[in-house]
Structure formats: C-alpha cells, structure tokens
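Visitor: Just a sequence and a predicted model for now, questions to come.
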Number of protein chains: 2
Amino acid sequence: MLVDEVGLSSDSRERVLNAAEELFVKRGYEAVIIKDIAKAAGIHHASLYHHVPGGKPSLYVEVMTRHLQRYQAGMHAAIQQPQENLESQLQSVGAWVIAHTPVNVIRLHNSDLTAIKAEAADIISNLAFEATLFPIVTVLEAAQQRGEIQHESLGYMAGSLFASLEAIHAIPDQYLDLSRQSIANQIIEVFIRGLKA
Amino acid sequence: MLVDEVGLSSDSRERVLNAAEELFVKRGYEAVIIKDIAKAAGIHHASLYHHVPGGKPSLYVEVMTRHLQRYQAGMHAAIQQPQENLESQLQSVGAWVIAHTPVNVIRLHNSDLTAIKAEAADIISNLAFEATLFPIVTVLEAAQQRGEIQHESLGYMAGSLFASLEAIHAIPDQYLDLSRQSIANQIIEVFIRGLKA
DNA sequence: GTCTATATAAAGATAGAC
DNA sequence: GTCTATCTTTATATAGAC
C-alpha cells in the first residue's frame, strides 16, 4: 500500500485517533485514560505509543484539532446550502450540532485546555471559535443585511443560540417526547420570533 | 464553642469544603486533585482526610449536594421577588446565573457523575434539575397562565434559556464590551420577543 | 505493529508522632 | 488538628522480544 510514501496513516493509527476523538470530546482531557483509548481501538495500550509517540497530550491536540476542523467544515457546508431565509439556514446548523457530540467550550476553557501547553491551547481555542460561533455570526449578519432581523450584538446572540442547541444533547432520552431536531427547530423559532403570544 | 454538641463543623473543615466546591464546580471531578483542594484550604493534604474520611468521592458528593441546594435556594429567591412581569423575573434569574460558576450539566452527566457511585449520581442529577430548569419552568408556566407568552414545550425552552445564560461565563474578558448582566438581559429580551425586526 | 514486562510518576489514602 | 513519612493504586511511558 506504500502508505509511508503517500503520507497516509496505518489502519490502527486511524482507529486510535477515532477512539481518542470520541472519548476526549465526550468526557474531556482528564477523564479519559490511555487504556480506554487503546481498548476502544482494539490494541494494547503500549502499542498506542508506536502510533502516537508524543503520548496523551500530543494525541489530544492532534485529535481535537482534527475534530474542530471537521466541525467547522460541516458548519460551513450547513450554512452554504442554497437556502434563502434565516430559519432554514439555522435549521441546517441545528441538524449539524445535534448530530455531533457537544464541543462544550466552557469545559474546554475551564479544564481541558489548562492541562496542555499554552500555544496548543491557544490554537484549539481559536479553532473552537471558528468552528462554532463564527459560522453562526456570518449567517446572522447576512440576515440582518437582508432586513430579516435586527440586533446590535449579533455575536452574543450567536453564542446564545449555539449554547441552546448544544444543550439539547443533555436531555436524557426518557424526557424526550420530541425528536432532538424538532426541539432544535422550536428553539430556532423562538430565537427568531420570541415566546410572546 | 461546643461544636460537636451542636453538630457544627470546624473552621478548617469549612475551608476544605469551600475550596473543594469552587474547584469541583469549575473544573469537574477528574481535573481536581486532593492536593489542590488542601492547598487552597491552607492545610496539608494528609490533614484533609481527618475532616473528610471518605476521601475524594465522598467530598465531591457532599460539596456538590450543598452547592446545588444553595443554587436552588438562590434561584427560588430570584423568582420569588415581587415582580409582576416575566422579563424582570428572568432578569433576576440571569443575575443569579452569571454570579455563579456554571453548573455545566453536560459535563456533569458525561464525565463527573460517571466517576461516582450510581445512587449518589442520581441524587445529584435530580438536584441539578431542581436547581436549574425547574425554577425557570415555573416562571414560564406562570407567565403563560397570565397570557404573557404562548408555547407548547416550556420545559425545552427553559433549558434553552438556561444554557444561553450559563454560556455567558464562557466569554473571555477581552471580548466583553458589555457587562455580563447586560448580555443576559439582551438574551432574555430576544427569548421573549425574538430577533425579528 | 503488537505484545509482555517493567519503569516512572502522580494521585489517593493511612499510620503515627506531635 | 496538623504534620511527616510511608504505602497503595493508578496512569503514563519505555524497553525489548516476537
């Protein structure tokens, strides 16, 4: 397969990265141990260091960078679809957000990023902004230019909406009497039109 | 002081609990180590076990229970103030939320509570609901009965608002050109009236 | 590339002097 | 109640056989 010559990774390295991504994103840096990742990837934890010589910190940085870049690409695609009005664009954003494990930026800043080197933390922090808030702000500003909405602080409003959508993940299944997508759509509707009768 | 006879705690025990509360709430269970708590309380980490024989898990449960009970009491007081309309009631809620470290229920369920015994986790999980969503649902239902608002799924909307308000904590100081309370008030306004021009 | 065995380091916890 | 010293457990990481 000449993987080295074309710069591709081996199969198990990919499994390690996927397992690490899922666990780190879900539980955060400290709550994940190397053995869990290796087990999920189907190898012995000692073998993991063959694929990721830098160990846990470097694995975290690689995997979170990749995760946020993909997240950003997905958000971009969601808002790029040829939809005319704000509501349908935000519904696409909602679909993307509920289809993925929450980014949880509060945890990211309060614990995860304090455990790694400052430069890496800065990069991930900026990526998180680019992947989450920035696309939503773009959509809101365009809608404002079309005269669909009117607000002075669209950045804060974008953050508010994103936080609401991510929180849908926290609803336990037993309390769900609508699909998560329907809940997202209701949140978006209230965001645009308000709760007022 | 006869502290034993009246069931009161010693001074340093209280310092330990306060330090533990602040750290656990901010960083989560795994990211906090016993030495950090002891250091913040001004004692050697070995001395901590004198005050909390159950060690880290039991300390976490005690401190989170206390935290959420107080949080609930504060939310209750906020909504009980003699304010007639929904907006001013929610502004009091917003003031309480931004004055306290986020409860972060997503992290609570995805990592913190998986590290402790299931029964304790259930109790904390229920307390978190009572302390955060329940008071907001109560306020929204009352407003609906007065005819101020109209929505089918007030529970989900309460969750949405609470998540938005907690997320205000995640805004770095350098990006703040309004006070957090002002941002909370704007979020509440949009929640009630919408972004629409 | 993967394992077994082992080393190192960090965290939780206990014993016992003061 | 608090400390020093020590023990145990757990997690990260390395060495070297296969």
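Guide: Structure received.
Visitor: make it CA atoms for all contacts and neighbour counts henceforth
Guide: Noted.
Visitor: At the geometric centre of chain A, which residue do we find?
Guide: Taking CA atoms, centre = their mean, the centroid of chain A lies closest to A:Val103, which sits 4.1 Å from it.
Visitor: Let me know how buried the closest residue to it other than its chain neighbours is, in neighbour terms.
Guide: Leaving aside its sequence neighbours, A:Val103 sits nearest to A:Val25 (CA to CA, 6 or more residues apart in numbering or on different chains; 6.6 Å). A:Val25 is flanked by 22 other residues according to other CA atoms under 10 Å in any protein chain shown.
Visitor: Then A:Arg66?
Guide: A:Arg66: 16 neighbours (other CA under 10 Å).
Visitor: sorry, back to before: check which helix or strand the residue nearest to A:Val103 maps to.
Guide: If you go by DSSP states H and E, A:Val25 is part of helix A:11-27.
Visitor: got the contact list for the residue nearest to the centre of chain A?
Guide: Residues near A:Val103 by CA atoms under 8 Å, 6 or more residues apart in numbering or on different chains: A:25, A:128, A:166.
Visitor: That one falls within a helix, correct?
Guide: No. Assigned with DSSP: H, G, I helix; E, B strand; the rest coil, A:Val103 falls outside any helix and is coil.
Visitor: ok, so what distance separates it from B:Ala163?
Guide: 14 Å (CA to CA, to the nearest Å).
Visitor: again, but for A:Ala197
Guide: Distance from A:Ala197 to B:Ala163, by CA to CA: 23 Å.
Visitor: Pick out whichever of these two has more residues nearby.
Guide: Taking other CA under 10 Å, A:Ala197 and B:Ala163 do not tie; B:Ala163 has more neighbours (27 against 12).
Visitor: Using the record's assignment, carve chain A into domains.
Guide: A:1-53, A:63-193 (automatic domain parsing).
Visitor: would you turn the ones you listed into TSV with distance to B:Glu14 and mean pLDDT?
Guide: Shown next, in TSV, are the domains of chain A (distance: least, CA to CA, whole Å; pLDDT from 0 to 100):
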stretch	distance to B:Glu14	mean pLDDT
domain A:1-53	27	89
domain A:63-193	24	97
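Visitor: all helices for chain A, in order.
Guide: A:3-6, A:11-27, A:34-41, A:45-51, A:55-80, A:86-98, A:105-110, A:118-131, A:133-145, A:154-167, A:180-193 (DSSP state H).
Visitor: So which of these is the most surrounded?
Guide: helix A:154-167 (a mean of 24; mean count of other CA atoms under 10 Å in any protein chain shown).
Visitor: Return the residues of chain A in contact with DNA strand D.
Guide: A:30, A:32-35, A:46-47, A:49, A:53-57 (CA under 7 Å from any atom of the strand).
Visitor: Which pair of the residues you listed spans the longest distance?
Guide: The span of the residues of chain A next to DNA strand D, defined through CA to CA, is set by A:Glu30 and A:Ser47 at 20.8 Å.
Visitor: For chain A, which residues are neighbours of chain B?
Guide: Counting by CA under 8 Å from any CA of the partner chain, chain A comes close to chain B at A:26-28, A:30-31, A:104-107, A:109-111, A:147-151, A:156-157, A:159-161, A:163-165, A:167-170, A:183, A:187, A:190-197.
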